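Enquirer: let's see this in three dimensions:
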Amino acid sequence: MICIMHERHKDLQEYNESMALYNITSRNEYEEKVVGSSRLVLVDFWAQWCPPCHAMAPTLEALASELDDKFDVVKVDIEATADNGALAHEHGVQSIPNMQLFRAGKQVDTIIGLVPRTVLEAKLKTLLA
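Expert: Here you go, the predicted structure:
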């Protein structure tokens, strides 16, 4: 199952140019896509071995596509690079999936764990209002 889901994330990297979804691997990318953004940004801290993270991915992909002009999704695989691990530590990530929402580089909310699309969508709509 994890192997199949890993392939899904590889596929995601190939088509994410059509939506506001970014897979980052460095602090510089984080600074650019999150801290430097004027848009609402959902930062998804996740890991390859995490089944709930993989279950959350299709919802994040769909919302990133549907609300492309309103917010960005930045995916941070906490084990992919030393920078990503450090970012997770700095943001107090102790369990995943951990989705932190930022506006103008400042954290405005956090959602921890696998949540239904309706819950995530309601939170985004509130923050986008």
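Enquirer: ok, residue 35 to residue 28 distance?
Expert: Residue 35 sits 10 Å away from residue 28, going by CB to CB, to the nearest Å. Any C-beta I mention is one placed from the backbone N, CA and C, and that applies to glycine too.
Enquirer: so those two - more neighbours on which side?
Expert: More neighbours surround residue 35 than the other of residue 35 and residue 28, with 13 against 10 (other CB atoms under 10 Å).
Enquirer: hang on, isn't the more buried one packed against residue 105?
Expert: Yes: between residue 35 and residue 105 there is a contact under CB atoms under 8 Å: 4.2 Å.
Enquirer: can you pull the contacts of the residue nearest the centre of the chain?
Expert: The centroid of the chain falls nearest to residue 44 when counting by CA atoms, centre = their mean (2.5 Å). Taking CB atoms under 8 Å, 6 or more residues apart in numbering, we find residue 44 in contact with 53, 56, 60, 73-76, 97-99.
Enquirer: could you identify which of those residues has the most neighbours?
Expert: If you count neighbours using other CB under 10 Å, the busiest of these is residue 76, which has 29 neighbours.
Enquirer: report the secondary structure state of residue 22.
Expert: strand (DSSP: H, G, I helix; E, B strand; the rest coil).
Enquirer: mind starting the numbering at 785 from now?
Expert: In the new numbering, first residue 785, that becomes residue 806.
Enquirer: specify the beta-bridge partners of it.
Expert: residue 858 (DSSP bridges).
Enquirer: do residue 828 as well
Expert: Applying DSSP bridges, one finds that residue 828 bridges with residue 859, residue 883.
Enquirer: residues in contact with stretch 847-862: which ones?
Expert: Under CB under 8 Å, 6+ apart, the answer for stretch 847-862 is 800, 802-809, 814, 817-818, 821, 823-832, 844-845, 868-869, 871-872, 877, 880, 901, 904-905, 908, 912.
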